[in-house]
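>>> Prediction below, plus the sequence it came from.
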Amino acid sequence: MKILGISGSLRKGSYNTAALRAAQELLPQGVMLEIFDLAPIPLYNEDIRPIPETVQVLGERIAASDALLIATPEYNYSIPGVLKNALDWISQLSNEPCAGKPAGVFGVSVGRFGTVRAQLHLREVCAALGMIVLPRPELYIAQAEQKFDSHARLTDEETRERLRKFLIALVEWTRQVSGAGGRR
Ligand SMILES: Cc1cc2nc3c(=O)[nH]c(=O)nc-3n(C[C@H](O)[C@H](O)[C@H](O)COP(=O)(O)O)c2cc1C
């Protein structure tokens, strides 16, 4: 099984990208996670046609994956523009690579609420693109500075365990959705 990971943060020390790297270590056997960097994706502009190569490549990587795993920061109670921008571009691809695609959403914040509000918005956007998002467990990682070390490594054992269980649930969800005729 192949999962494509997307982080809504571009910064090098991003906790969300670091959580995706931790997920690579915690996946069940036989499952691979590729992390796609959103940095080269331009700002959406309908005047830019044909659709840029970087967006086409992202669409191809999504189409080639069995599931998506999106790690989102919370910016002003919502998802970062970087992530919304990438999803807006993807929604314009005629082959609709996200339609019927199983997905897991989670997020990391430095504050106390662990991206609850951003994830609610992200679920709505994912629905617009036709993704089938894992309903439970929800995974909110709050107070990141206490969970990651100075090298952005997820060191908190309890959080690693929650992430490991979340990934098991996503893999099971992907099998269920695909078996039920989800388009891939
Ligand atoms: C523009 C901006 C807005 C933010 N708004 C929120 C917010 O609404 N809620 C929250 O919990 N954290 C907020 N934060 C703090 C982020 O949780 C924190 O920067 C986090 O580390 C971002 O994720 P990253 O480490 O993956 O880059 C905000 C940060 C920025 C830069």
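Alright, I've got the coordinates. Numbering: from 1, shown residues only.

>>> List, one by one, the residues from this protein near the ligand.
Applying Cβ under 6 Å from any ligand atom, one finds that the chain approaches the ligand through 9, 11, 14-16, 73-77, 108-111, 113, 144. C-beta here means a position set from N, CA and C on the backbone, and glycine is covered the same way.

>>> switch to 8 Å and redo it
For the chain, the residues in contact with the ligand (Cβ under 8 Å from any ligand atom) are 7-11, 13-19, 71, 73-78, 80, 107-115, 117-118, 142, 144.

>>> Restricted to strands, list these.
Under the assignment DSSP state E, these contribute S7, A71, G107, V108 to strands.

>>> Can you name the residues bridging to the first one?
The residues listed as beta-bridge partners of S7 by DSSP bridges are A71.

>>> cool, and the third one?
The bridge-partner assignment for G107, based on DSSP bridges, gives Y140.

>>> quick one: the residue in the chain sticking out farthest from the centre and D88, what's the gap?
Distance to the chain centre peaks in the chain at D47, reaching 27.4 Å (criterion: Cα atoms, centre = their mean). D47 sits 14 Å away from D88, going by Cβ to Cβ, to the nearest Å.

>>> again, but for Y140
Y140 is 25 Å from D88, where distance means Cβ to Cβ.

>>> same deal with F148?
Relative to D88, F148 is positioned 30 Å away (criterion: Cβ to Cβ).

>>> Neighbour count: the two, which is higher?
Per other Cβ atoms under 10 Å, whichever of F148 and D88 has more neighbours is F148, with 22 against 17.

>>> which residues does the more buried one contact?
Y15, A18, L154, T155, D156 (Cβ atoms under 8 Å, 6 or more residues apart in numbering).

>>> ok, of those residues, which come out buried?
Buried subset of the contacts of F148 (neighbour count, 16 or more other Cβ atoms under 10 Å): Y15, A18, L154, D156.

>>> Can you lay out those residues as TSV showing pLDDT and distance to P52?
TSV is the format used below for the buried ones among the contacts of F148 (pLDDT from 0 to 100; distance: Cβ to Cβ, whole Å):
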residue	pLDDT	distance to P52
Y15	98	28
A18	98	27
L154	98	33
D156	98	38
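
>>> Which one of those is nearest to the ligand?
Y15 (3.6 Å; Cβ to the nearest ligand atom).

>>> my guess is the closest one contacts A152, does it?
Yes: using Cβ atoms under 8 Å, Y15 makes contact with A152 at a distance of 6.7 Å.

>>> Quick check: PyMOL command selecting the buried ones in the residues of the chain next to the ligand.
Under the burial definition 16+ other Cβ under 10 Å, those of the residues of the chain next to the ligand that qualify are selected in PyMOL by:
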select buried, resi 7+8+9+14+15+16+17+18+19+71+73+74+75+78+80+107+108+109+114+115+117+118+142+144
